[in-house]
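Colleague: my questions concern the predicted model and sequence given below.
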Amino acid sequence: MANEFYALMGRMRYITRWGLMRNTFSENIAEHSHQTAVLAHALALIRRDVLQLPTPDPDRCAVAAMYHDASEILTGDLPTPIKYYNPEIKDAYKEVERIAGKRLLERLPEALRPSYEHLVLEDEEQTLPFVKAADKLCAHIKCLEEQKAGNTEFDTAAQQTWEAMKAMHRPELDWFLENCLPPFTMNLDQL
């Protein structure tokens with residue numbers, strides 16, 4: 001039996017995000033997963049080292065973020081307005097993602113499946129808040145980058161993602177928003 005898992009992971013670059021929006025530049029889930037991993041790692045480090053609060057392993061948070069959208073290799077990226085339209089659709093789509101995740105896991109050698117299971121199925125309670133916060137932060141950064149390029153299509157999404165982040169009540173995210181987010185609106189010369 002071939003072990004297709006890693007080849008399928010390589011296909012993340014073909015799944016584009018923000019399908020309902022006019023984009024100045026496209027983004028795929030490979031790029032998004034990398035940025036989410038970087039930010040989940042940063043948020044965990046900020047919580048542990050700056051705020052000195054109990055924190056799961058920052059490296060584990062980064063790895064969890066790398067795989068947080070793996071199921072989209074099989075499902076595609078369902079736009080947020082559809083995914084969260086109502087509780088029934090949200091729950092049904094979560095089940096679709098879970099089935100897709102299990103199908104991905106079946107493409108690993110059996111001995112490796114336990115190491116990937118919680119990452120692909122996104123059910124690791126300790127890392128999940130960091131991945132969710134980083135995921136929302138990535139969406140907001142995308143909005144800022146689009147706005148910086150003059151694309152007003154992302155104005156509403158920028159406001160919604162900002163409000164969603166503030167509603168998370170994550171001190172490490174609030175610290176990042178205050179201390180690290182402003183440079184995302186700068187150009188290279190300003191940085």
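Modeller: Yes, it's here. Nothing here was measured: the structure is a model prediction, and the numbers come from that model. Numbering: from 1, shown residues only.

Colleague: quick one: least confident helix or strand in the protein?
Modeller: Ranked by mean pLDDT, DSSP states H and E, the helix or strand of the chain with the weakest confidence is helix 80-83, at a mean of 74.

Colleague: neighbours of residue 19, how many?
Modeller: Residue 19 has 13 neighbouring residues, counting by other Cβ atoms under 10 Å. (C-beta placed from N, C-alpha, C; glycine too.)

Colleague: how about the contacts made by it?
Modeller: Applying Cβ atoms under 8 Å, 6 or more residues apart in numbering to residue 19 gives the contacts 77, 79.

Colleague: per-residue confidence at it?
Modeller: We have a pLDDT of 88 for residue 19.

Colleague: so it sits in a strand?
Modeller: No - following the definition DSSP: H, G, I helix; E, B strand; the rest coil, residue 19 is coil and is not counted among the residues of a strand.

Colleague: just the helices in the protein please.
Modeller: The residue ranges that make up the helices of the chain, judged by DSSP state H, are 5-10, 29-45, 58-66, 72-75, 80-83, 87-105, 113-120, 128-148, 155-167, 171-179.

Colleague: grab the most central residue of the chain for me.
Modeller: Among the residues of the chain, the one closest to the centroid is residue 135, at 3.2 Å (Cα atoms, centre = their mean).

Colleague: in terms of pLDDT, where does that residue sit?
Modeller: Here the pLDDT value assigned to residue 135 is 97.

Colleague: from what I can see it touches residue 68, true?
Modeller: Yes - applying Cβ atoms under 8 Å as the test, residue 135 and residue 68 come out as touching, 6.5 Å apart.

Colleague: find residues that contact each of these two.
Modeller: residue 36.

Colleague: if we can go back for a sec, packing partners for the least confident helix or strand of the chain?
Modeller: With contacts defined as 3 or more Cβ pairs under 8 Å, 6 or more residues apart in numbering; DSSP states H and E, helix 80-83 has these neighbours: helix 87-105.

Colleague: just checking, what packs against the helix it packs on?
Modeller: Using 3+ Cβ pairs under 8 Å, 6+ apart as the contact definition, the elements that helix 87-105 packs against are helix 5-10, helix 72-75, helix 80-83, helix 113-120.
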